[in-house]
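# Give me a 3D structure for the following:
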Amino acid sequence: MSDFLLWFQLGLNHITDLQGYDHMLFLLITTVIFILRDIKKVLILITGFTLGHSITLALSTLNIISLNTNLIELCIALTIFITAAYQIIRLKSKNNEVSLKFEFALISLFGLIHGLGFSNMLKSLLGTEENIILPLFYFNLGIEAGQIIIVCIILSISTLIISKLKINRMIYIAILSMIVLIISGSMIKNRFRIWTKPDNKTTQIPQKESTFVNNTVKINIENISNA
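Residues are numbered from 1 along each chain as shown. Next up, the predicted model:
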């Protein structure tokens, strides 16, 4: 397997792994207001998220910036909670039309935070590898492919529920937003408790267990490094 496929597959598996559901939850609450016919708007927003997480993914992986892992995980949960709250508030406002510029700025900002989360997995696998630019680029491409897959699934399900099953769009958005708000609120509580522990510097949130495919990728990376 080539270096490209190894790192691409790792990025793809990282964001689509169900054990890493926090990134999926953010994509869900960001795109819940859209259906398939809004795909152009969604792609614009995802571009903002891409720009944001690409910047901090690179800076963190290159050790230009470094933050406590527990703080990063807490901030990721906060981005989900804030976005869910925003969707609910927007529904209650008289003018609930989506402000694409505001949404783009918000998701780009939150993308910066998620990029730091992505970097934790990548740095643990890079180890002492000298050339990290290409692995970083391939890993990021894998993440983008995974995002597109997730978003397409979300839009398809939303279209089915709203257009085919004739469920009221506002009710659908409100229910999902409330569910995500509750889940993210619980995440914030747990992650804040861990972050504020006296031994916070040595206590880290357990990393997501790697899937069988990711373990295979790790083995192949080690084989390439030893070759």
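# Next one: the spatially most central residue of the chain, what pLDDT does it get?
Central residue of the chain (C-alpha atoms, centre = their mean): residue 23, 2.8 Å from the mean position. Residue 23 carries a pLDDT value of 91.
# What ranges does the chain have for its strands?
Using DSSP state E, no strands are assigned anywhere in the chain.
# All the helices of it, residue numbers only.
For the chain, helices defined by DSSP state H occupy the ranges 3-16, 21-31, 39-61, 69-92, 100-126, 133-159, 169-195, 212-226.
# and these, which one is worst for confidence?
helix 212-226 (a mean of 48).
# picking up where we left off before, shouldn't the residue nearest to the centre of the chain be in contact with residue 114?
Yes. Here residue 23 reaches residue 114: they are 6.1 Å apart, a contact under C-beta atoms under 8 Å. Bear in mind the C-beta positions are built from the backbone N, C-alpha and C, glycine included.
# which residues do the two both contact?
Residues touching both residue 23 and residue 114 (C-beta atoms under 8 Å, 6 or more residues apart in numbering): residue 76.
# Tell me, how many residues neighbour the closest residue to residue 103 other than its chain neighbours?
Take residue 103 and drop its neighbours on the chain: the residue closest to it by C-beta to C-beta, 6 or more residues apart in numbering is residue 45, 5.7 Å away. Residue 45 has 23 neighbours, counted by other C-beta atoms under 10 Å.
# how near is residue 45 to residue 72?
From residue 45 across to residue 72, the span is 22 Å (C-beta to C-beta, to the nearest Å).
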